[in-house]
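>>> please find the sequence and the predicted model below.
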Amino acid sequence: MSAPSLSRQLILDRIRAATHKLPSEASVAAEQLRSYIRRGKLSVQDRLKLMIERLREYDAEVVDCMPEEVPAAIGKQLALSGRRVFVTPEGLPAQWLAAGFDWKIDRGLENAEIEQAEGVVTAAFCGVADSGTIVLHHSNSEGRRVLTLLPDWHLCILYANQVVETLPEYFDRCPSPSPLHPSDKDLSLGTPPLHPSDKDLSLGTPPLATYISGPSATADIEMTRIKGVHGPRFLNVILVRDEN
Amino acid sequence: MSGTLTGHPVLDPRHAPPFPIAALPVLRNPQLRKNVAHATNVIQTKRARLVAEKTDWQELRTAAAAIRSHVLEDLGSYLEEFEVRCTAAGGKVHWASDAVEARAIIIEVLRQEQANEVIKIKTMTSAEIQLNPALEAAGIHAYETDLAELILQLGEGEPSHFVVPALHVNRSQVREIFARRMGLKDLPDDPKALTAAARTYLRQKFLTIPTAIGGANFLIAETGSVAVVESEGNGRMCLTLPRTLITLAGIEKVLPRFQDLEVMLQLLARSATGERMSPYTSLWTGVTPGDGPQRFHVVLLDNGRSSILARPVERQTLRCIRCAACLNTCPVYRQTGGHAYGSVYPGPIGAILTPQLMHMEFAQSLPFASSLCGACYEVCPVKINIPQVLLELRSQVVNQERRQPARFGDLMFLGMKTANAIFAGARRFRAAQWLGRIALRPFTRKDGWIHSLPSLGAKWTQTRDLRGLPSQSFRQWWVARGKEER
């Protein structure tokens, strides 16, 4: 097909003709552009309290525990769920796989097998307290996207040091890759400095990410909020208090 | 009872009647107006509460407007950067200069996939290019998977809002559609049961249909990633389970950097649905081995957008992130609902976007479908000055009419010419007031209102009442008052 590349040139020519004709309207000073709140002001305790509060507003089930209690806490939540068959990503610590349950570890499970599981247990990349958001970057311990999609029940293990207050603080933990053309690419919007303590957690921008803010929901019929359309209906979080 | 659903023409600005005519059936349908008022009130209340809790809301709007303006100023470079990054990550980027080409590209990809069925995430861009009828004609059945889109597809209705497209349909109408089309005779009409029916109906489709089509909320230039924001999880299903994914996106959807999402995502859900964040935001970059579709196509659609870019006042239209806050707050939209606009993009943003996408050749009545109250500008998260653009487009429409020789036979034109002459002199104006008072007296009811006028006057009174002329003008009152004081 030769037509598509012709269209590419046609569209880019039209755009260039349109944008070259007009002067730039970038009149707002760069510092003013990023004058919204970047860093939260809450203490660690209040930040975690807010995270729990927001999650509960979404009807998520939240419990907390100390780092050494994680396996026991997982076992308890699984038992309380009344479910038996769970899928889990390959990278989850072995001691988290509580005895007495049917574990299906994802080493390339078929969708049908994942669909038949009653629940899924994963780690997380980050939690954003302001909006009660769980961030998954789909690493080895967070699992492929399908894993946290098909089962109806999701248990997520979130560490207190992964919880930030504001959305910009999460983005600070994912610094941008090097620009494509460093010389001709001045975005003029200014990159905010990273907080020094975040450097260890910097992993770059994720190729895959899912931000979960409460269970799947719809309000399409008369604006009545209904939980659980296609994604998991039940979100459970164990908050691990490792903040010190 | 499905009268509000069927019988609507396909929302094509080329064939839609002018706004005042198209609005009439809605204004005479109290059930429909009730549905629209309820939905917009609910969203507005939730939005107001969540915007109020954000102490940096105005700073976020300023940043968002600056980011979106900046993209448009250098759109060519950002699109090329997106193309390079997306291609490097295993995606295939296509460019479509218009709707015909976009449909052809998508159908060609589907043919190569030997697809006769496809699952779809809600995308207004697909409605803009009228993709579904083209797919049907090519022998490919599209399944809409967003609950509202499913209601409309099964009920053969048209979207009337771009966040909650079926807000004009109530629960008993949904029950009727689902019962009929899914063969569920005993389906109750509570939203929970209706939602469950949709879940069951679509589950097998998600698991078995290997090709999906969706839109994009944002394209990220520096990473080549695509972002989709949704509530139900149907988006995640379509983005994760199929073998092949096609994303259709307007060329204006680009953001320079991944980090720009920190601004956009804080504004989008609050403005659109009155939530802090939508339940699911999905980001992916080309193809990831072992996770999700292994073949990924992006179709970048121009379809009139680059011509908007060339115009200094109108360019801001392209900043839009389709949150629909302007629809919910608009006193006109809240009365007429979406169908009166004759376009998949209704409301204030539709009133400026639709005629421009049509190169000002169709939908010229839409810039006049506004009271210019400015509520849309106030809520817009990317600060599009919609009233300013409306006025600019109105002047273009008037200039078009000026060039038509037929105007000399047009009563409105002659009336305006006459008014021009009358307003030019005080004596003529006073005489006209005197004549007007006498002429209007027979039509003025006891309550002081005129409910219907003949001939040209009916153009006003068919949709609104008119205050009768007072027995005394301000000038007469002023003169009389001066005499009394002396």
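Everything's here; your move.
>>> stretch B:301-309 and chain A, are they touching?
Yes. On the criterion Cβ under 8 Å from any Cβ of the partner chain, stretch B:301-309 is in touch with chain A at B:D302, B:S306, B:S307, B:L309. (Each C-beta comes from the backbone N, C-alpha and C, glycine too.)
>>> you'd agree B:I119 is in a strand?
Yes. The assignment for B:I119 by DSSP: H, G, I helix; E, B strand; the rest coil puts it in a strand.
>>> that one: neighbour count?
For B:I119, the number of neighbouring residues by other Cβ atoms under 10 Å in any protein chain shown comes to 24.
>>> by neighbour count, which of the residues of stretch B:301-309 next to chain A wins?
Neighbour counts for these peak at B:L309, which has 26 neighbours (criterion: other Cβ under 10 Å).
>>> now the strand or helix carrying B:M264: how far from the chain's centre is it?
Assigned by DSSP states H and E, B:M264 belongs to helix B:261-273. Centroid displacement of helix B:261-273 relative to its chain, using Cα atoms, centre = their mean, to the nearest Å, is 18 Å.
>>> residue ranges with poor pLDDT in chain A?
Judged against pLDDT under 70, the low-scoring parts of chain A cover residues A:1-4, A:21-32, A:176-203, A:244.
>>> could you say which helix or strand holds whichever residue of it sits closest to chain B?
Proximity of chain A to chain B (Cβ to the nearest Cβ) peaks at A:G231, 2.8 Å away. Under the criterion DSSP H and E, no helix or strand holds A:G231.
>>> so where do the strands sit in the stretch 1-150 of chain B?
For the stretch 1-150 of chain B, applying DSSP state E, counting those that start in this stretch gives strands covering B:91-96, B:117-120, B:141-144.
>>> those strands: which one's closest to B:L24?
B:L24 lies closest, by Cβ to Cβ, to one member of the strands of the stretch 1-150 of chain B: strand B:141-144, at 28.9 Å.
>>> partner strands of that closest one, parallel or antiparallel?
Strand B:141-144 has the following sheet partners, assigned by DSSP bridges: strand B:117-120 (parallel).
>>> check what contacts the partner strand and list those residues.
Identification of contacts with strand B:117-120 by Cβ atoms under 8 Å, 6 or more residues apart in numbering or on different chains yields B:110, B:126, B:132, B:135, B:140-145, B:149, B:205-206, B:209, B:211-214, B:237-238, B:242.
>>> buried ones from the residues you listed, can you make that a ChimeraX selection?
Selecting in ChimeraX just the buried members of the contacts of strand B:117-120, where the criterion is 16 or more other Cβ atoms under 10 Å in any protein chain shown, is done with this command:
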select /B:110,126,132,135,140,142,143,144,145,149,205,206,209,211,212,213,214,237,238,242
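>>> ok, the residue of chain A closest to chain B touching B:Y280?
Yes. Counting by Cβ atoms under 8 Å, a contact exists between A:G231 and B:Y280, whose distance comes to 6.5 Å.
>>> centre-most residue in chain B?
Centroid check for chain B by Cα atoms, centre = their mean gives B:Y345 as the closest residue, at 2.6 Å.
>>> columns pLDDT and secondary structure on top of the residues of stretch B:301-309 next to chain A, output as a markdown table?
Supplementary listing: the residues of stretch B:301-309 next to chain A in a markdown table, determined by pLDDT from 0 to 100; DSSP: H, G, I helix; E, B strand; the rest coil:
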| residue | pLDDT | secondary structure |
| --- | --- | --- |
| B:D302 | 98 | coil |
| B:S306 | 97 | helix |
| B:S307 | 96 | helix |
| B:L309 | 96 | helix |
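>>> so where do the helices sit in the stretch 1-150 of chain B?
Secondary structure of the stretch 1-150 of chain B by DSSP state H, counting those that start in this stretch: the helices cover B:19-27, B:30-52, B:57-73, B:75-88, B:99-112, B:124-128, B:131-137, B:147-154.
>>> then chain A?
Secondary structure of chain A (DSSP state H): helices at A:3-21, A:30-33, A:44-57, A:70-81, A:111-116, A:167-172.
>>> quick one: mean pLDDT for stretch B:423-431?
pLDDT averaged over stretch B:423-431 equals 92, rounded to a whole number.
>>> what do you get for stretch B:390-407?
pLDDT averaged over stretch B:390-407 gives 91.
>>> and for stretch B:346-362?
Averaged over stretch B:346-362, pLDDT sits at 97.
>>> just stretch B:473-485 next, same as before
Across stretch B:473-485, the average pLDDT comes to 85.
>>> just the C-alpha atoms of that stretch, please, in CSV.
Output for stretch B:473-485, consisting of C-alpha atoms alone and laid out as CSV, is shown next (Å, rounded to 0.1, in the frame of the first residue of the first chain):
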residue,chain,number,x,y,z
SER,B,473,-40.6,52.9,27.4
PHE,B,474,-37.6,53.7,29.6
ARG,B,475,-37.2,57.0,27.9
GLN,B,476,-40.8,57.9,28.4
TRP,B,477,-40.6,56.9,32.0
TRP,B,478,-37.4,59.0,32.5
VAL,B,479,-38.9,62.1,31.0
ALA,B,480,-42.1,61.7,33.0
ARG,B,481,-40.1,61.2,36.2
GLY,B,482,-38.1,64.3,35.6
LYS,B,483,-41.2,66.4,35.2
GLU,B,484,-42.7,65.0,38.5
GLU,B,485,-39.5,65.9,40.5
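>>> how far off centre is it?
Centroid separation for stretch B:473-485 versus its chain: 49 Å, with Cα atoms, centre = their mean.
>>> how about stretch B:247-254?
From the chain centre to the centre of stretch B:247-254 is a distance of 16 Å (Cα atoms, centre = their mean).
>>> endpoints of that stretch, how far apart?
With Cα to Cα, to the nearest Å as the measure, stretch B:247-254 spans 13 Å from end to end.
>>> would you mind listing the buried residues in that stretch?
Applying a neighbour-count criterion of 16+ other Cβ under 10 Å, one finds B:T247, B:L248, B:A249, B:G250, B:I251, B:E252, B:K253, B:V254 buried in stretch B:247-254.
>>> again with stretch B:97-112
For stretch B:97-112, burial by neighbour count (16+ other Cβ under 10 Å) applies to B:S97, B:A99, B:E101, B:A102, B:R103, B:A104, B:I105, B:I106, B:I107, B:V109, B:L110.
>>> what is the neighbour count of the spatially closest residue to A:G132 that is not a sequence neighbour?
By the measure of Cβ to Cβ, 6 or more residues apart in numbering or on different chains, the closest residue to A:G132 outside its immediate chain neighbours is A:R54, 2.7 Å from it. Number of residues near A:R54 (other Cβ under 10 Å) recorded here: 22.
>>> residue contacts, A:L50?
Counting by Cβ under 8 Å, 6+ apart, A:L50 touches A:L42, A:A129, A:D130, A:E165.
>>> element containing B:R428?
Here B:R428 is covered by helix B:426-440, with elements defined by DSSP H and E.
>>> which secondary structure elements does that helix contact?
Helix B:426-440 makes packing contacts with helix B:411-423 when contacts are defined by 3 or more Cβ pairs under 8 Å, 6 or more residues apart in numbering or on different chains; DSSP states H and E.
>>> can you name every helix or strand that the helix it packs on contacts?
If you count contacts as 3+ Cβ pairs under 8 Å, 6+ apart, helix B:411-423 packs onto helix B:426-440.
>>> now do the helix it packs on: everything it contacts.
Identification of contacts with helix B:426-440 by Cβ under 8 Å, 6+ apart yields B:A421, B:I422, B:F423, B:I450, B:G468, B:L469, B:S471, B:S473, B:R475.
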